[in-house]
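give me a 3D structure for the following:
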Amino acid sequence: MPSKLVVGTFVSLDGVMQGPGGPGEDDSNDFPHGGWLPPHVDEGFGQIMGEMLDRADGMLLGRRSYDILASHWPKVSDEDGGAKINSMPKYVATRSPMTAEWRNTEVLVGDAAETIAALKQRTDGEILVQGSSDLLRTLQQADLVDEYRLLIFPVVLGQGKRLFAEGAAPAGLKLTGSSTTDAGVVYATYAPTGRPSYGSVLF
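Reported below is the predicted structural model:
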């Protein structure tokens, strides 16, 4: 059975996913709001992230997200939570050849829609996509996403890279689960259902 491609993403209430972890994480296009996530981290957030990582059999990253995570996680000890993410298979999608020094990383060179479709066919379990806004647009257009696990934060940013950018492929989604942390983060899971359905209603 092909693997399941799961998008696990932090988004603001207006859909921005850029630079959640801290200033300097991703300042492209003069993004001034880096670090909007940490004020909302609590025990509930930690539990959600722990469960999401525990369920993952591999991780898929774009080149920029790979560089960000690979600069941090190899330095994290097993006791401090590095065991799972450092040991799991990791895949980085890129158009240009690169050397991946983070252990257990495979470089997928070429057209991402093709290399990732092939990856799904030759792997089992769940592959978790973290960050990687540019890569996500390719996955959405190629209909390769099997589930969205969204952590929606109570903040409006007004600018930045969005999960569903202008021109995103139209899609219907089914809500499959939801919960809320004490800090006000909504955790919602969605399964794509194909093209949107349409109708009319009078109010």
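
show me what the helix of greatest length in the chain is packed against.
Determined from DSSP state H, the single longest helix within the chain is helix 43-55. Packing contacts for helix 43-55, counted by 3 or more Cβ pairs under 8 Å, 6 or more residues apart in numbering; DSSP states H and E, involve helix 83-87, strand 126-130, strand 147-153, strand 172-180. (Each C-beta comes from the backbone N, C-alpha and C, glycine too.)

could I get the average pLDDT for it?
Looking at helix 43-55 alone, the average pLDDT works out to 94.

angle of that helix against strand 126-130?
130 degrees (axes from the mean of the first three to the mean of the last three Cα atoms, to 10 degrees).

in the sheet, who's paired with the residue most central in space within the chain?
For the chain, the residue nearest the mean C-alpha position is Gln130 (3.0 Å; Cα atoms, centre = their mean). Counting by DSSP bridges, Gln130 forms beta bridges with Gly8.

wait, what's in contact with it?
8-9, 59-61, 65, 69 (Cβ atoms under 8 Å, 6 or more residues apart in numbering).

let me know the pLDDT of it.
On the pLDDT scale, Gln130 gets 84.

for Phe153, same thing?
pLDDT at Phe153 comes out at 98.

ok, back up a step: out of the contacts of Gln130, who's the most crowded?
Leu60 (29 neighbours; other Cβ atoms under 10 Å).

surely that residue touches Ile116?
Yes - in terms of Cβ atoms under 8 Å, Leu60 counts as a neighbour of Ile116; the distance is 6.9 Å.

and the residue nearest to the centre of the chain, how far is that from Phe203?
40 Å (Cβ to Cβ, to the nearest Å).

swap in Asn29?
Taken as Cβ to Cβ, the span from Asn29 to Phe203 is 38 Å.

can you pick out the residue with more neighbours from the two?
Set Asn29 next to Phe203 and count neighbours by other Cβ under 10 Å: Asn29 wins out with 9 against 2.
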